[in-house]
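*Asks:* 3D model of this:
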Amino acid sequence: MGKRHAGPVALVVIFLALATAGGVMASIQHPAVVSDDPINVTPNVESDSQVPNAAVYAIARAGNTIYVGGRFRTVTDADDTQTYVRHNIMAFDATTGAVKSFAPVIDGTVWTIVRRKQTLYVGGDFTSVNGRNRRALVKLDTSSGAIQNKFRPRVTSGNVTQLAFRESRLIAGGSLPGKLVSINAENGNRTNYMQVSISGKVASNAGPTKVYRFAINPQRTRLVGVGNFTSVGGKARRQAFMLRLRDQRVRVHGWYYEPLNNQCSAAGVPTYLRDVDFSPDGSYFVMVATGFVPKAGGLDRDVCDAAARFETNILSPDRPTWINYTGGDTLHSVAVTGAAVYVQGHQRWLDNKFGVNDAGPGAVPREGIGAIDPDTGLALAWNPGKTREVGGKDFLATSTGLWVGSDGDHIGGERRAGIAFLPLP
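*Replies:* Predicted structure coming up:
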């Protein structure tokens, strides 16, 4: 049996704070590193014969309700005593773990969810919601899961892999036409705010041009995006860019890291940045990547199977502030809380600068999940361990802890399939 954590009274306190915090949150400042002991009430997202590799790719909250999206069909309660059918999206009570009746039928993968007032905006790889034609982006009622019909975005192709609000504007990124667009949150029409052309592919085998993930700083003045492209706003920008966000218009910022033109050792993975997050004060951001190890001469420069910190106001850095290498294993997601930089993927190690698919000098075991010191760039002692699989692709930091979404069944020595919460001590 795994460790037990937090009795009912403690859980009420934990989630009362969560419930009263407002809005979609990013870059939450934590006073300490979260516990390595997950709470015991979260439901399980299960693989089954129809969806053999179930995974959670998106987490959002509204009050005391947690919403998760991804690729799954079967959900069970924390004790595996009751089973629910949920089509790639589900909701549960954060305090008790009780699965809610919220059950939209989405026919493809959900990649991103944001909440605004009493509605959810859901993006992904789908074409139908509740039996109606809705491609890649839909607006749902937070209680019933019903489609909000006035919101009718015209997504004619591609997908949506990231959503965020900048004031009243909904920003959507993905392989959809435009790649990064501003959408009227009420009717779904495109607005003129995000008028930045994004084009090019880093290689012929890199797949469609897209903005895979992006982050907006807490001041709402900068946006950093990562994905498959070579030009942004007519400027050379390979795999990453920064935008200057103003009230009436958007401009390409001068920040750019030229070594992103370098290829990692995995020729089959020509575009390798996978996620980005700003620090709580907006002074820096951290990217994580796949790509195997750097080629000769690229160590400490090339962001290959690594996490790397960049300073927001250093426009043309020669090197990141620090790079933490896994030694050949992918990192898929990152959350920066001030106390730690949390990363997850299918890594076996961190601090593995000299490893090449093995543990080099100085490497520390950090299976599936780890935490990095924001200042030194070295792994913190925190080490819950998590089932590696392909690797987790979303975190949600709140004022009371860290939600972890993944395709793994265990974390911290306990069975917590797909979704887990690690509270602040």
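*Asks:* can we go C-alpha only for contacts and neighbour counts from here?
*Replies:* Noted.
*Asks:* quick one: low-confidence parts of this protein?
*Replies:* 1-26 (pLDDT under 70).
*Asks:* mind running it again at 80?
*Replies:* The model of the chain has pLDDT under 80 over residues 1-27.
*Asks:* Quick check on Val341: phi, psi?
*Replies:* Reported as degrees, to the nearest 10, the phi and psi values for Val341 are phi -110, psi 110.
*Asks:* Find the nearest non-adjacent residue to Ile171, please.
*Replies:* In space, and not counting its chain neighbours, Ile171 is closest to Ser182: 4.6 Å by CA to CA, 6 or more residues apart in numbering.
*Asks:* so that neighbour touches Leu170, yeah?
*Replies:* Yes: using CA atoms under 8 Å, Ser182 makes contact with Leu170 at a distance of 5.6 Å.
*Asks:* For Ile147, see how far away the residue nearest to Ile171 is.
*Replies:* 20 Å (CA to CA, to the nearest Å).
*Asks:* Between Ser182 and Leu170, which is the more surrounded one?
*Replies:* Neighbour tally, Ser182 and Leu170, criterion other CA atoms under 10 Å: the higher count belongs to Ser182, 24 against 21.
*Asks:* helix or strand for that one, which one?
*Replies:* Counting by DSSP states H and E, the element that carries Ser182 is strand 180-184.
*Asks:* residues in contact with the next helix or strand after that strand?
*Replies:* From strand 180-184 onward toward the C-terminus, using DSSP H and E, the following helix or strand is strand 198-199. Residues outside strand 198-199 that contact it (CA atoms under 8 Å, 6 or more residues apart in numbering) are Gly178, Lys179, Leu180, Thr209, Phe229, Thr230, Ser231, Val232, Gly233.
*Asks:* Helix, strand or coil: sort out Leu260 for me.
*Replies:* Following DSSP: H, G, I helix; E, B strand; the rest coil, Leu260 is assigned to helix.
*Asks:* burial count for it?
*Replies:* Using other CA under 10 Å, Leu260 has 19 neighbouring residues.
*Asks:* I'd assumed Asp302 was in contact with it.
*Replies:* Yes: Leu260 lies in contact with Asp302 (CA under 8 Å); the separation is 7.0 Å.
*Asks:* give the contact list for the residue nearest to Ile171.
*Replies:* Taking CA under 8 Å, 6+ apart, one finds Arg169, Leu170, Ile171, Ala172, Arg190, Thr191, Asn192, Tyr193, Met194 in contact with Ser182.
*Asks:* how close does the fifth one get to Arg169?
*Replies:* Looking back up the chat, that one is Arg190. Look at Arg190 and Arg169: by CA to CA, they are 10 Å apart.
*Asks:* hey, where'd the strands end up in the stretch 301-425 of the chain?
*Replies:* Under the criterion DSSP state E, counting those that start in this stretch, the stretch 301-425 of the chain contains strands at 306-311, 322-325, 331-336, 341-345, 349-350, 364-365, 369-372, 394-398, 401-405, 410-411, 414-415, 419-423.
*Asks:* okay if I get the ones you listed as TSV plus distance to Asn159 and mean neighbour count?
*Replies:* Conversion of those to TSV gives the following (distance: least, CA to CA, whole Å; neighbours: other CA atoms under 10 Å):
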stretch	distance to Asn159	mean neighbour count
strand 306-311	26	25
strand 322-325	30	26
strand 331-336	19	29
strand 341-345	22	28
strand 349-350	32	28
strand 364-365	36	18
strand 369-372	27	26
strand 394-398	17	23
strand 401-405	20	24
strand 410-411	30	24
strand 414-415	32	20
strand 419-423	24	25
